[in-house]
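>>> Using only what follows, build the 3D model:
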Amino acid sequence: MTDGTRGDGRQHRRLTCTVCPKGCAVDVVLHNGAIESLEGAACRRGRESCIQEVLDPRRMLSTTVRLRHADRPLLPVRTCVPIPRDRIPQAMGQLREIAVEAPVRMGDVVFRDLAGTGIDVVAAESAPRQDDEGSDRP
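Model (predicted):
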């Protein structure tokens, strides 16, 4: 995405649509935070995707959290739905601080209301509990 502000206060953005393999070049003009024009999207889905990206960009967040009483130290997790892009640093800070107790099943909610978004984080794979005998892992 490229950005530029014109002398009249309008902001011009050029995006490459990623909805389909066609990869349309989409030009968006914003004025006072509202879309004034959008050109280049060949389909309705592409147009909707570009509007979303300009006005409220969101991303799926996939990462790992600490895992206790398991055969490995980290558990892959992901958000249930995309979260606002500007909340990702706060979300990563919250997830950095937690540790999940095994056993965990894929799809279990491991964190609720990530970064105040109302969006939950779920386990991306299962992790059985490890027998504590002979283990020095917490």
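>>> Pro21 - how many residues pack around it?
As a burial measure, Pro21 scores 5 neighbours (other Cβ atoms under 10 Å). Quick note: C-beta positions are derived from backbone N, CA and C, even for glycine.
>>> helix/strand/coil for it?
Of the three states, Pro21 takes coil under DSSP: H, G, I helix; E, B strand; the rest coil.
>>> confidence score at it?
The model reports Pro21 with a pLDDT of 93.
>>> what about it, distance to Glu48?
17 Å (Cβ to Cβ, to the nearest Å).
>>> what does Val29 give?
17 Å.
>>> So between those two, which is more surrounded?
Val29 (16 against 12).
>>> hang on, that one in a helix?
No: looking at Val29 with three-state DSSP, it is strand, so not inside a helix.
>>> so it touches Gly9, yeah?
No: using Cβ atoms under 8 Å, Val29 makes no contact with Gly9, being 10.9 Å away.
>>> And the protein, what are its domain boundaries?
Here the domain parsing of the chain from automatic domain parsing is 2-55, 62-123.
>>> Take those and lay them out in TSV including distance to Asp131.
Formatted as TSV, the domains of the chain follow (distance: least, Cβ to Cβ, whole Å):
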stretch	distance to Asp131
domain 2-55	46
domain 62-123	9
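>>> among those domains, which is the most enclosed?
domain 62-123 (a mean of 16; mean count of other Cβ atoms under 10 Å).
>>> Compute the first-to-last residue distance for that domain.
Terminal residues of domain 62-123 lie 10 Å apart, using Cα to Cα, to the nearest Å.
>>> mind listing the helices in the protein by residue range?
Secondary structure of the chain (DSSP state H): helices at 44-55, 88-96.
>>> Mind telling me which of the ones you listed the model trusts least?
Among the helices of the chain, helix 44-55 scores lowest, at a mean of 95.
>>> All set, thanks.
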